[in-house]
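In: Structure, please.
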Amino acid sequence: MADPRDNAPIKLCDWGFASFIKPGQKLKGLAGTCYYVAPEVIMGTYDERADVWSCGVLLYVLLSGRPPFCAHKDEDVFRMVVEDGVPNMREQPWPSISAAAKDAVRQMMTWRAELRPSAKEMLQHEWIREGGVAGDNVIQQEVLHRMKSFAGMNKFKKHAAMVIASHLPSDQIRGLNELFDSMDTDGSGTITLDELRRACS
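Out: Prediction:
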């Protein structure tokens, strides 16, 4: 969250492995944070529907306060995704979450990529069209506590990545800096949603 207020905007970050692809293009190579990686990414080739899976995981975390597949080692998370791949929606707070919200998560986290809706198709999902109401109850303190715990889980990894990035030769990061600067049109040092939309259009 952007700040500690209850109505603070949520900011997505960690776009280090983002890339633009052409329709029908397949990507290879394992990239991304283990909790959000789609099964097909782990198994080899993937396309933009892997991002729909990742958004489904993000939605799962926002609704429940924890990731659908969690373990201490990345390899164990990958194994859970590939071998099971079905998010658990039986434990709290899932019984109080709306059926439409659960259906959105299930569709976004469809294990077989070819059966998973595209991002454009997900925008037509009833839960998203109707404003994304999670359920009758306000998010419980337990869910917020879980989200904070999960967010703090990767502090070491985040720090390690920053150390590695700070030691890369400047010629290796020049292109990334130029891309960031071209997207950050107001020079604020952050990329707003509008700036991201303009860059992607």
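
In: what does stretch 116-123 rub up against?
Out: For stretch 116-123, contacts defined as C-beta atoms under 8 Å, 6 or more residues apart in numbering pick out 48-49, 51-53, 55, 104, 107-110, 125, 128-129. Where you see a C-beta, it was placed from the backbone N, CA and C, and this is true even at glycine.

In: Return the subset of those lying in helices.
Out: Arg49, Asp51, Val52, Trp53, Cys55, Ala104, Gln107, Met108, Ile128, Arg129 (DSSP state H).

In: Would you agree Ile191 is in contact with Asp184?
Out: Yes - the pair Ile191 / Asp184 is scored as a contact, 5.5 Å apart, by C-beta atoms under 8 Å.

In: Could you check which of those two is surrounded by more residues?
Out: Between Ile191 and Asp184, Ile191 has the larger neighbour count (other C-beta atoms under 10 Å), namely 18 against 15.

In: From Ala199, how far out is that one?
Out: 8 Å (C-beta to C-beta, to the nearest Å).

In: what sits in contact with each of these two?
Out: Common contacts of Ile191 and Ala199 (C-beta under 8 Å, 6+ apart): Met183.

In: distance of Arg112 from Val82?
Out: Counting by C-beta to C-beta, the gap from Arg112 to Val82 is 12 Å.

In: same question, Phe69
Out: Applying C-beta to C-beta, the value for Phe69 to Val82 is 10 Å.

In: And the two? Which one has more around it.
Out: For Phe69 versus Val82, neighbours defined as other C-beta under 10 Å are more numerous around Phe69 (25 against 15).

In: per-residue confidence at the closest residue to the more buried one other than its chain neighbours?
Out: Leaving aside its sequence neighbours, Phe69 sits nearest to Met80 (C-beta to C-beta, 6 or more residues apart in numbering; 4.2 Å). As predicted, Met80 sits at a pLDDT of 95.

In: ok, now the one 4 residues further on?
Out: Model confidence at Asp84, given as pLDDT, is 87.

In: ok, the closest residue in space to Asp103 that isn't next to it in sequence - how many residues close by?
Out: For Asp103, ignoring the flanking residues on the chain, the nearest one in space by C-beta to C-beta, 6+ apart is Trp127 at 6.7 Å. Trp127 has 20 neighbours, counted by other C-beta under 10 Å.

In: Would you confirm that Trp127 contacts Arg106?
Out: No - counting by C-beta under 8 Å, Trp127 stays clear of Arg106, with 10.8 Å between them.

In: So, low pLDDT: which residues of the chain?
Out: Along the chain, segments meeting pLDDT under 70 span 1-6, 10-17, 135-177, 179, 200-201.

In: And the strands in it?
Out: 27-28, 45-46 (DSSP state E).

In: burial count for Asp103?
Out: Neighbours of Asp103 under the rule other C-beta under 10 Å: 13.

In: try Ala50
Out: Counted with other C-beta under 10 Å, the neighbours of Ala50 add up to 22.

In: Check the gap between it and Phe78 for me.
Out: Applying C-beta to C-beta, the value for Ala50 to Phe78 is 14 Å.
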